[in-house]
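Enquirer: any chance you could fold what I've pasted below:
(one chain, ligands or ions: 2)
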Amino acid sequence: MLRRLGNYNLIGLVLGVVLLGVVSMSNADEKSFSKQPPTVAEAEAFIKNAEAKMLELSVYAARADWVKATYITDDTEILAAQADERAIAGQVEFAKQATRFDGLKLPPELSRKMHLLKTSLVLPTPADPQKSAELTEIASRMEGVYGKAKWCPPGKDKCLDIEDLARLMASSHDPNELRDAWVGWHQISRPMRKDFARFVDLSNQGARELGFKDTGALWRSKYDMSPDDFARELDRLWEQVRPLYVQLHAYVRWKLREKYGDQAVPASGPIPADLLGNMWAQSWDNLYPLVAPPNADPGYDLTQILKSRNTDAIGMVRYGEHFFSSLGFAPLPQTFWDRSMFVRPRDRDVVCHASAWDVDADQDLRVKMCIDITSEYFSTVHHELGHNYYQREYREQPYLFRDSANDGFHEAIGDTIALSITPQYLVKLGFIDKVPDPSKDLGLLMQKALEKIAFLPFGLLIDQWRWKVFSGEITPQQYNQAWWALRLKYQGVEPPVARSEEDFDPGAKYHVPANVPYTRYFLAAILQFQFHRALAQTAGCTEPLNRCSIYDNKEAGARLAKMLEMGQSKPWPDALEAMTGQRQMDASAIRDYFAPLEKWLEEQNQGKPVGW
Ligand code: X8Z
Ligand code: ZN
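Expert: Ligands and ions are numbered 1, 2, ... in the order given. Below is the predicted model:
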């Protein structure tokens, strides 16, 4: 959407209300205007006006979206859909008008803005007002269905929301209970299937009107390279990290066989998706006790520490703020604390999936999340604050540049900081007495790998599926089977029970009904290690990367800030270079980080089946 990262769902960049009359020119104006060859001065004036209008529209829409996401009702869904529709239609109209300047030689900054005007939309609406309204209504409704969703186990009086189910998936070792919870949650998306198919059709119409083949092609056009080159770039990065994933997969499968038996987990085939400690099998941190390397336990459990200190939700966020302050960033504004949503309200439906917002594209920063006191949420808090600090750093940029270098950068900043939550940092916080012996690093690396390496194929496959859906290669009759074919191909997992085209399993993952592109998270998983390596070097850390923390290091903070404040004003390789000296996204940092674990996994997997 708009200016909420972590969640720029509906709109992408864009705007809020304003009466379309203000945005569009009258026919008469347009005719007289377009007879003359356009000038650079006109292009400048056009962009200036467009930026002002889009800012206004986007702020209005962000307010409507905030109210809807924190209080889902039929009314707020409609109001948000209407505000989003006006905002998107405004940008679409500007993007179309901008074609008048195609072929005119423009200064680089202006030319970049023209390009961003066309490519920064995530949900392109068709010009037909009825279709445009229908599309934003569907989008708003689908996110609402997800937000309100609960599974009510038969014979019990309590229905379970996604946080309840996440806790269950994380802690239960009863295969029947896990399967029931998995199946229960995956029922919530069945009713979305029809809406989603229509959504794909309508947004493709909008994308074509803007000159893109389909919505997927639009999504791939945002990376300062051709859409095809970008797709190849992803393949390259995936090939760089796949060997490590496959080793982790093999080891975890072996351990799950020991736990659940040969019947439940095949020796050489895919792992049932309900046994990995997470509803989507996207991160496997919760399996740590099951797969921990012997004699390498770091001897502390962050979740237990946070709980024993009676940390509450706000306390969790204060720790995140404290880290950024230690780097030299100003504290969060009071409005952040007043307006954010930190816990699930008792009396109304909300979208709990975590997101970070800059409602006024300036200093009205907020997070919206339902915090549990766990180490997982401790990381998520840092993740979300990464968005907010990025947003604040680029707020001085012109409107069209107020975004990250590419969307993977936005997702990577908070995670980069979270990589600095090392034992050494926990000692400084007074959470533990001393840094564990280096022989315990293997345990810490395993914990991180379960979170980060397990995630990689998942981060990639969601949009591999969506791109094919948008292009028509996957038809609505094949939605679910194609989804599971990709989950098998990339992740090596299978559904715990037979699925059919009655099901719509992609819809049980937030980002599909909420229309948030997902490739950004794959990029972020790789970029954060590249960022961490560069900042650790700046901070003078010469130890192995997993022992480096940039906490309290002002040089590292300044280096980070320098990149953040660039926003989207330059192609992303320039931003990457400013921070890391490299112009390519590169998985060597993540491979280096985990090298000792990879070696250990290869030894453990000797003589065992690897792959599926
Ligand atoms: O959606 C998120 C963030 C908000 S941008 C909480 N993440 C992805 C997910 O939960 O699926 C972070 C990691 C991947
Ligand atoms: Zn995020």
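Enquirer: what strand or helix carries the residue in the stretch 351-500 of the chain positioned nearest to ligand 2?
Expert: Nearest to ligand 2 in the stretch 351-500 of the chain, going by Cβ to the ion, is Glu411, at a distance of 4.7 Å. In short, each C-beta sits where N, CA and C put it, glycine included. If you go by DSSP states H and E, Glu411 is part of helix 407-418.
Enquirer: list the buried ones in the helix or strand just after that helix?
Expert: Heading C-terminal from helix 407-418, the first helix or strand you meet, by DSSP H and E, is helix 423-428. Buried residues in helix 423-428, counted by 16 or more other Cβ atoms under 10 Å: Pro423, Gln424, Tyr425, Leu426.
Enquirer: now stretch 420-439
Expert: For stretch 420-439, using 16+ other Cβ under 10 Å, the buried residues are Ser420, Ile421, Thr422, Pro423, Gln424, Tyr425, Leu426, Phe431, Ile432, Pro436.
Enquirer: contacts only, for Phe522.
Expert: Residues near Phe522 by Cβ atoms under 8 Å, 6 or more residues apart in numbering: Leu234, Leu237, Trp238, Gly408, Leu456, Gly459, Leu460.
Enquirer: just checking, what packs against the helix or strand the fifth one falls within?
Expert: Under the assignment given by DSSP H and E, the secondary-structure element containing Leu456 is helix 455-471. For helix 455-471, the elements it packs on are helix 193-209, helix 215-220, helix 227-260, helix 479-486, helix 519-538, judged by 3 or more Cβ pairs under 8 Å, 6 or more residues apart in numbering; DSSP states H and E.
Enquirer: returning to that earlier point: I'd say the residue of the stretch 351-500 of the chain closest to ligand 2 and Tyr518 touch.
Expert: No - Glu411 is not in contact with Tyr518 according to Cβ atoms under 8 Å; the separation is 9.8 Å.
Enquirer: pretty sure Phe230 contacts Tyr223?
Expert: Yes - with contact defined as Cβ under 8 Å, Phe230 reaches Tyr223; the gap is 4.6 Å.
Enquirer: those two - which one has more neighbours?
Expert: Tyr223 (24 against 17; other Cβ atoms under 10 Å).
Enquirer: so how far is ligand 1 from the more buried one?
Expert: 18 Å (Cβ to the nearest ligand atom, to the nearest Å).
Enquirer: and Pro360, how far is that from Pro333?
Expert: One correction, residue 360 is Asp, not Pro. According to Cβ to Cβ, to the nearest Å, Asp360 and Pro333 sit 11 Å apart.
Enquirer: for ligand 1, what's the nearest residue on the stretch 501-612 of the chain?
Expert: Nearest to ligand 1 in the stretch 501-612 of the chain, going by Cβ to the nearest ligand atom, is Tyr521, at a distance of 4.3 Å.
Enquirer: specify which member of the buried residues of helix 423-428 is nearest to ligand 1.
Expert: Checking these against ligand 1 with Cβ to the nearest ligand atom, the nearest one is Tyr425 at 21.0 Å.
Enquirer: for the closest one, what are its contacts?
Expert: For Tyr425, the contacting residues are Ser549, Tyr551, by Cβ under 8 Å, 6+ apart.
Enquirer: one step back: which one, of the helices and strands packed on helix 455-471, ends up nearest to Glu602?
Expert: helix 227-260 (6.0 Å; Cβ to Cβ).
Enquirer: please name the nearest non-neighbouring residue to the residue in the stretch 301-450 of the chain that ligand 1 sits nearest to.
Expert: Per Cβ to the nearest ligand atom, Ala354 is where the stretch 301-450 of the chain lies closest to ligand 1, at 3.9 Å. Distance criterion Cβ to Cβ, 6 or more residues apart in numbering; nearest residue to Ala354, sequence neighbours excluded, is Met369 at 3.8 Å.
Enquirer: show me where this protein has its strands.
Expert: Ranges of strands in the chain, per DSSP state E, are 4-5, 271-272, 355-358, 365-368, 493-494.
Enquirer: by mean pLDDT, which helix or strand of this structure comes out lowest?
Expert: When the helices and strands of the chain are compared on mean pLDDT, DSSP states H and E, helix 20-23 comes out lowest with a mean of 32.
Enquirer: I'd assumed Val381 was in contact with Val317.
Expert: Yes - at 5.4 Å, Val317 counts as touching Val381 under the criterion of Cβ under 8 Å.
Enquirer: the two - which one has more neighbours?
Expert: Val381 (26 against 23).
Enquirer: quick one, what contacts that one?
Expert: Counting by Cβ under 8 Å, 6+ apart, Val381 has contacts Met316, Val317, Tyr319, Gly320, Val367, Met369, Ile371.
Enquirer: how about the residue in the stretch 151-300 of the chain positioned nearest to ligand 1, nearest residue that isn't a chain neighbour?
Expert: For the stretch 151-300 of the chain, the residue closest to ligand 1 is Gln282, as judged by Cβ to the nearest ligand atom, at 6.0 Å. Leaving aside its sequence neighbours, Gln282 sits nearest to Phe458 (Cβ to Cβ, 6+ apart; 4.2 Å).
Enquirer: just checking, the residue of the stretch 301-450 of the chain closest to ligand 1 touches Thr380?
Expert: Yes - with contact defined as Cβ under 8 Å, Ala354 counts as touching Thr380 (5.4 Å).
Enquirer: pLDDT score for the residue lying closest to Asp433 once chain neighbours are set aside?
Expert: Nearest non-adjacent residue to Asp433, counting by Cβ to Cβ, 6+ apart: Val427, 7.1 Å away. With respect to pLDDT, Val427 has a value of 98.
Enquirer: can I assume Val427 is in contact with Pro436?
Expert: No - here Val427 does not reach Pro436: they are 9.9 Å apart, not a contact under Cβ under 8 Å.
Enquirer: give me the number of residues near Arg220?
Expert: Other residues near Arg220 number 24, with proximity taken as other Cβ under 10 Å.
Enquirer: next up, the contacts around it.
Expert: Contacts of Arg220 (Cβ under 8 Å, 6+ apart): Pro227, Phe230, Ala231, Trp467.
Enquirer: so what touches stretch 445-452?
Expert: 244, 248, 252, 283-288, 291-293, 296, 298, 379, 525, 546, 590, 593-594, 596-597.
Enquirer: how far does it sit from the chain's center?
Expert: 18 Å (Cα atoms, centre = their mean, to the nearest Å).
Enquirer: how about Arg487, nearest residue that isn't a chain neighbour?
Expert: Going by Cβ to Cβ, 6+ apart, Arg487 has Val493 as its nearest residue, at 5.5 Å.
Enquirer: from what I see, that neighbour and Ala273 are in contact.
Expert: Yes - counting by Cβ under 8 Å, Val493 does reach Ala273; the two are 4.3 Å apart.
Enquirer: common neighbours of these two, please.
Expert: Ala281, Arg487.
Enquirer: ok so, going back, got the buried residues of stretch 420-439 as CSV, with distance to ligand 1 columns?
Expert: Formatted as CSV, the buried residues of stretch 420-439 follow (distance: Cβ to the nearest ligand atom, whole Å):
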residue, distance to ligand 1
Ser420, 17
Ile421, 16
Thr422, 20
Pro423, 23
Gln424, 25
Tyr425, 21
Leu426, 22
Phe431, 23
Ile432, 26
Pro436, 27
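Enquirer: check the residues you listed and tell me the two furthest apart.
Expert: With distances taken as Cβ to Cβ, the most widely separated pair in those is Ser420 and Pro436, at 16.5 Å.
Enquirer: contacts for stretch 195-211, please.
Expert: Residues from elsewhere that reach stretch 195-211 (Cβ under 8 Å, 6+ apart): 92, 95-96, 99, 118, 121, 123-127, 131-132, 134-135, 138-139, 141-142, 213-215, 217-218, 469-470, 476, 479, 504, 507, 512-513, 515.
Enquirer: do that again at 6 Å, thanks
Expert: Under the criterion Cβ atoms under 6 Å, 6 or more residues apart in numbering, residues 95, 123-127, 131, 135, 138, 142, 214-215, 218, 469, 476 lie in contact with stretch 195-211.
Enquirer: what of stretch 403-412?
Expert: By Cβ under 6 Å, 6+ apart, stretch 403-412 touches 5, 223, 387, 390, 520-521, 523-524, 527-528, 568, 572, 575.
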